[in-house]
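Trainee: Would you be able to build a 3D model of this:
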Amino acid sequence: METLQELIVATSSYDDSVFVKTLLGDLINNVAFAVLLVMIVVVAILGLRSALLVAIAIPGSYMLGFIALNMMGLSANIVVLFSLILASGMLVDGAVVVSEYADRRLSEGASMVEAYGEAAKRMAWPIIASTSTTLIVFAPLLFFPGFTGQFMKYLPITLLVTLSGSLLMALFFVPTLGANFNRFFSVVFFIFGLAAGLFFFVGGMTGQLVDNIPSLQDSPLKTPIGIVAGLLLGPAAFSIIFFGIRTIFFMLIGNPRQTRTAEEASDPYQAKGLAGLYVAALRQLLKAPIMVAVLGLLVLVFSFVFYASRNIPTEFFPATEPDSANIFIKARGNLSIDEKDALVRDVEAVIYDLSVANQEFSAVSVRSQSGGQTNTAVPESEDTIGSVQLTFVDYFNRSRPVAETLQEIRERTDHFAGVQVEILAIAGGPPSGKAVQLRLRSENAALLIAELGRVRSIMEDNPDLVDIEDGLPLPGTKISLDLKEADAQRLGVTAFQISQYIQMTNDGYIVDNIRLDGSNEETDIVFRFPPEFRSIDQLGRIRINTQGGSVPISNLVDFKIDERTSLITRIDERRAYTMSANVAAAASGAEQKADSTVIAELTEALEAADIDPDVSWEFVGDNQEQQEAFSFLGFAFAIAMVGMFTVLITQFNSFYRALLILTAVAMSIPGVMFGLILTNSGFGVFTFIGVVSLAGVVVNNNIVLVDTFANLERENRPRSNDDYARLVMLTGAQRLRPVLITTVTTILGLLPLAMGIGVDFQNFVITGVDLSPLASLPLVGDFFASLNAREGVVSQVAASAQWWTGMSQAIAFGLAFSTMVSLFFTPCMLMIQGRMEVRKITGGAGRRRKLERFAETAREQGAVGGVVAS
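Mentor: Below is the predicted model of the structure:
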């Protein structure tokens, strides 16, 4: 016989830990992937010694950031991890600039101590200025209001502490280590580290391939084959990756050891590779810098016009695949619990049919009768008789999008008589209810209800809206009893006595209580009439004993039946109702309408309906939160621009050059717009945050260009247009490499999330770190076997990590476009300033020559001798 413990099976209906582990795992993998991509580029371009110094800046900045976060009592979460991804490309900027300048000084024959010491001093102000502008941009985000601000506050905090750490690494740690870095040690350290990593990686991959061969699955040769493959193929992979990227870079830009001499000799025309092509193009553009400036402005205007014509929708949080959904079953009427349960079971049967057929749910939790708590912040309405909570299988194991599954549930339950089924997908971001929420307010309750009916008709006529609720309380009646005080006093009856009789027609009148034997609780003794006398019809016929005899209760009270009002909501002293609806899923093959598009269409319909002016209406929920977030971000962007302008004025002491540096921000916006159009993405709060963040990133390249030009200008004192043109081209030739490196590293750091791909490094790193090399080798193949369940090593990131795609794309596209434009636009603007300086010089000299000729003529004529003498 089975015991009770054996008969009970405990399961979890919704496990948040799975969601959290998946999300953190994806972001950890993306952090590793971003750092790997950045380091491959840095090693191939900068060379071994500089690459190792730059490599130290990333973990060093992370370590300083973690120390600061721990001191503030903050822990690692999804926003912190994304912030590390965003910072991975920016952390190396200062170290790259210092190392690149030191390499150039070493090529001139300076010692390592002299080279790195001079690099730290010479590049200190540009690095401080560029880092300060980035920090100034992120600082206002600390004051982001509302739930979104509580969610996103970790982004500016993490970036502020890690970028501050990168500043310390670039100005103190990197120069100190560089001055004392032994070349032999750097070579051994680098080769050992990379070879060890490739050994385990290639060995594990080989072990997985061998494991897929049926005849060798259980063979003891699997581990030796993996070891041999790691030893043989690891160095080969190292050579291909390192020398391949380095060769491609040299073909494009030229060997840095060959190009530095020409650059330092103030001869930009000797630049080779991509730098040579860049100087040649720049030489032609500098002949007509005003045309380039006008062309840049036209590109900016065209981008805005083109973007506006595309009608790109706006969004609050990115639309991602939900991991769960709540289904609310609603029915009206005085239903018993058994009747409610039967209706809920009908919906449940549909869901279980889908679960058996498609294996789409990992858990299904059903609850009959309203009450209780579901995994949503949306309150249940009064007519909810039950709910079903769905937890979908892992993102990588789904056979179709969740939207199609929920739409099929909706279609299968539409024919259920007397039942309304509402479906709410649990998406990422703050819980805010249905997609469309419209609030109507008025001081006139009757007029408000009338207009509410008109608005509901408009919403019902819109095929894009489903699950419409008007916010009105459930229809019902209430009975009011008014005491006839004169008759009651004449018959000697009190209101309390009448209420006792009324109670006996309902729940009963408690007259006393007793405690039964063996019980610790008291039991009430209740008097009430037989069932046949407990109805509304019999209520007026109940007779009550009085001094004048037994009389019907209707002689003592007046009965009044009115509509029942269960809830009254007032906002700003006016009656208010909130209507809500979901946006219908698009038909198969059709494009899903954005929430903002549906709201815009509904707004036009309401404006055309001529709603009574005494009734005000506004969209709330996501739309209201989105508008408030956009308003704050616009204000934060303005504050950031003012702060950056102040820092740049302090450094360069020139309004023109400060404004010129800030043009990089304007030139990044077309890149963001074109990126949204290419990826067919909406402009959301995360994208806006990306634009604000981008402002602090794109100015760094302009700061380096303008600062280098200012130093060359002080050293060479140009006097003609040709002198200025040569200095501008020399500036471009010298700074092209660090500008491209910092841009590429920042973009590569964001590339995995921007493209929506990921590499599962997490389990591999854990295997390599926690176990000794020999013990871990047999397990490396198991790691790759686990990747098969997630469609290989490289796969699409989970839906949860797609939250950050919009922000990553905004920064990547904006930075790429701004860099390409700034490499030509900024030098041309510097040339325009140079021409104005030359005009001032030549203009003053011309006036002096005219005065000298006038004096000479006067002396010859002898007419103005006094003036000449003076």
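
Trainee: my read is residue 425 is in a strand, agree?
Mentor: Yes - per DSSP: H, G, I helix; E, B strand; the rest coil, residue 425 lies within a strand segment.

Trainee: Per-residue pLDDT of residue 294, please?
Mentor: Residue 294 is assigned 90 on the pLDDT scale.

Trainee: hang on, residue 579 in a helix?
Mentor: No - counting by three-state DSSP, one finds residue 579 to be strand, located in no helix.

Trainee: does the nearest residue to it once chain neighbours are set aside count as helix, strand or coil?
Mentor: In space, and not counting its chain neighbours, residue 579 is closest to residue 438: 4.6 Å by C-beta to C-beta, 6 or more residues apart in numbering. In short, each C-beta sits where N, CA and C put it, glycine included. Put simply, residue 438 is strand when judged by three-state DSSP.

Trainee: If I follow the layout properly, residue 438 ends up in contact with residue 620?
Mentor: Yes - look at residue 438 against residue 620 with C-beta atoms under 8 Å: they come within range, at 7.5 Å.

Trainee: what residues are shared contacts of those two?
Mentor: Common neighbours of residue 438 and residue 620, counting by C-beta atoms under 8 Å, 6 or more residues apart in numbering, are residue 578.

Trainee: So between the two, which is more surrounded?
Mentor: residue 438 (26 against 18; other C-beta atoms under 10 Å).

Trainee: With residue 816 as the reference, measure out to that one.
Mentor: 41 Å (C-beta to C-beta, to the nearest Å).

Trainee: do residue 284 as well
Mentor: Taking C-beta to C-beta, one finds residue 284 at 23 Å from residue 816.

Trainee: same check, this time on residue 70
Mentor: 35 Å.

Trainee: Which helix or which strand is home to residue 352?
Mentor: Secondary structure assignment for residue 352, by DSSP states H and E: helix 337-358.

Trainee: And that helix, what's buried?
Mentor: 340-341, 343-344, 347-348, 350-351, 354-355 (16 or more other C-beta atoms under 10 Å).

Trainee: Stretch 54-71 too?
Mentor: By 16+ other C-beta under 10 Å, the buried positions in stretch 54-71 come out as 54-58, 60-62, 64-66, 68-69.

Trainee: picking that back up, need the buried residues of helix 337-358 in TSV with distance to residue 569 and pLDDT, can you?
Mentor: TSV is the format used below for these (distance: C-beta to C-beta, whole Å; pLDDT from 0 to 100):
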residue	distance to residue 569	pLDDT
340	27	81
341	31	81
343	29	83
344	29	83
347	30	83
348	33	82
350	35	83
351	34	81
354	38	76
355	39	70
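
Trainee: Return the closest of those with respect to residue 494.
Mentor: For these, the residue nearest residue 494 by C-beta to C-beta is residue 340; the value is 40.9 Å.

Trainee: any idea how far residue 410 is from that closest one?
Mentor: Counting by C-beta to C-beta, the gap from residue 340 to residue 410 is 21 Å.

Trainee: And residue 53, by the same measure?
Mentor: 59 Å.

Trainee: what's the answer for residue 670, then?
Mentor: 41 Å.

Trainee: right, and residue 663 touches residue 830 too?
Mentor: No - in terms of C-beta under 8 Å, residue 663 does not count as a neighbour of residue 830; the distance is 11.5 Å.

Trainee: higher neighbour count, the two?
Mentor: residue 830 (26 against 22).

Trainee: quick one: the more buried one and residue 710 touch, right?
Mentor: No - using C-beta under 8 Å, residue 830 is not in contact with residue 710, being 9.4 Å away.

Trainee: what about the stretch 651-800 of the chain, any weak spots by pLDDT?
Mentor: Applying pLDDT under 70 to the stretch 651-800 of the chain flags the ranges 756-800.

Trainee: quick one: the strands in it?
Mentor: Using DSSP state E, counting those that start in this stretch, the strands of the stretch 651-800 of the chain run over 683-684, 757-759, 794-796.

Trainee: and if you look at the stretch 401-550 of the chain?
Mentor: 420-426, 436-442, 465-469, 477-483, 509-515, 522-527, 543-546, 549-552.

Trainee: Quick one: residues contacting residue 498.
Mentor: 481, 483, 488, 544, 553, 556-557.

Trainee: could you redo the last one with a cut-off of 10 Å?
Mentor: 481, 483, 488, 542, 544, 553, 556-557 (C-beta atoms under 10 Å, 6 or more residues apart in numbering).

Trainee: Three-state assignment for residue 614, please.
Mentor: Put simply, residue 614 is coil when judged by three-state DSSP.

Trainee: doesn't residue 60 make contact with residue 95?
Mentor: Yes - if you go by C-beta atoms under 10 Å, residue 95 and residue 60 touch, sitting 9.1 Å apart.
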